[in-house]
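Q: What follows is a predicted protein model with its sequence.
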Amino acid sequence: MSGKFRLVSVLLVATLIILAGCSIMAFRANAQTQQFYRVLLRQRHQNGACVDVGTIVIDQTPHPLPATVMLAYGDHQLAVSLPSGCEFVMWELEGGVYINGDSRFQATVLNSWVLSVRGEGTVRLVNRGTGCCGVGGIVAETQTFTFLTPYLIAVGLIATTAAVAVKKRRD
């Protein structure tokens with residue numbers, strides 16, 4: 001009698017493994033129909049004063065520069081957000097990315113662009129202005145060990161619980 005149950009169990013497990021494998025393969029097949037490409041987002045000053053200042057907004061999602069994004073094949077709304085004192089000049093494009101069908105596009109109406117992604121590439125924002133570059137330096141976190149707080153709390157709770165247990169044992 002137990003031999004029959006063992007056979008049924010083995011067949012059931014084998015069926016579940018096959019179903020799981022087919023589900024994974026079906027998921028991969030569906031994922032391959034939508035192509036995604038790596039697009040580098042960069043910025044440079046017209047006179048070389050600074051690099052990677054500002055934010056590029058793609059489909060209403062802001063990307064502080066520099067950034068690397070995965071974008072689906074197709075068209076995306078494109079906008080920029082620059083610090084005060086900066087002025088947009090043009091886009092420089094490399095690879096399989098185009099703006100309004102052109103690979104080197106100068107704007108007539110700010111923030112009214114369509115980015116077409118046909119492959120991997122680089123979108124570089126070119127700007128000018130005197131007040132848009134920072135003074136430099138590194139921004140460092142003042143509390144370097146804040147990430148340890150939850151662990152220290154856990155250690156404290158365990159130590160307190162152990163101390164109470166030892167105290168009760170002695171009494």
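A: Received it, and whenever you're ready, just let me know what you need. Nothing here was measured: the structure is a model prediction, and the numbers come from that model.
Q: mind giving me the domain split of this protein?
A: Domains of the chain are assigned by automatic domain parsing as 1-33, 36-128.
Q: mean pLDDT for the ones you listed: which is lowest?
A: Lowest mean pLDDT of the domains of the chain: domain 1-33, a mean of 55.
Q: Walk me through which strands the lengthiest strand in the chain pairs with, and which way each runs.
A: Secondary structure of the chain per DSSP state E: the longest strand is strand 113-128. Strand partners for strand 113-128, identified by DSSP bridges, are recorded as strand 36-45 (parallel), strand 74-81 (antiparallel), strand 87-99 (antiparallel).
Q: Ok, which of those comes nearest residue 65?
A: Nearest to residue 65 among those is strand 36-45; the distance by C-beta to C-beta comes to 4.8 Å. Yep, even glycine has a C-beta here, placed from its N, CA and C like the rest.
Q: If you count neighbours, what's buried in that closest one?
A: Judged by neighbour count using 16 or more other C-beta atoms under 10 Å, the buried positions of strand 36-45 are 37, 39, 40, 41, 42, 43, 44, 45.
Q: so what's the second one bridging to?
A: Bridge pairing for residue 39 (DSSP bridges) gives the partners residue 69, residue 121.
Q: contacting residues for it?
A: Residues in contact with residue 39 (C-beta atoms under 8 Å, 6 or more residues apart in numbering) are 68, 69, 70, 71, 97, 117, 120, 121, 122, 123.
Q: now with 10 Å?
A: 56, 58, 63, 67-71, 76, 93, 95-97, 115, 117, 119-123 (C-beta atoms under 10 Å, 6 or more residues apart in numbering).
Q: before we move on, what about the last one?
A: Listed by C-beta under 10 Å, 6+ apart, the contact partners of residue 45 are 51-53, 86, 89, 125-130, 132-133.
Q: So which of the residues you listed is the closest to residue 154?
A: residue 52 (39.1 Å).
Q: can you give me phi and psi for that closest one?
A: phi 50, psi 60 (degrees, to the nearest 10).
Q: what's the answer for residue 166, then?
A: Main-chain torsions, residue 166, degrees, to the nearest 10: phi -60, psi -40.
Q: Report how many residues lie close to it.
A: 9 (other C-beta atoms under 10 Å).
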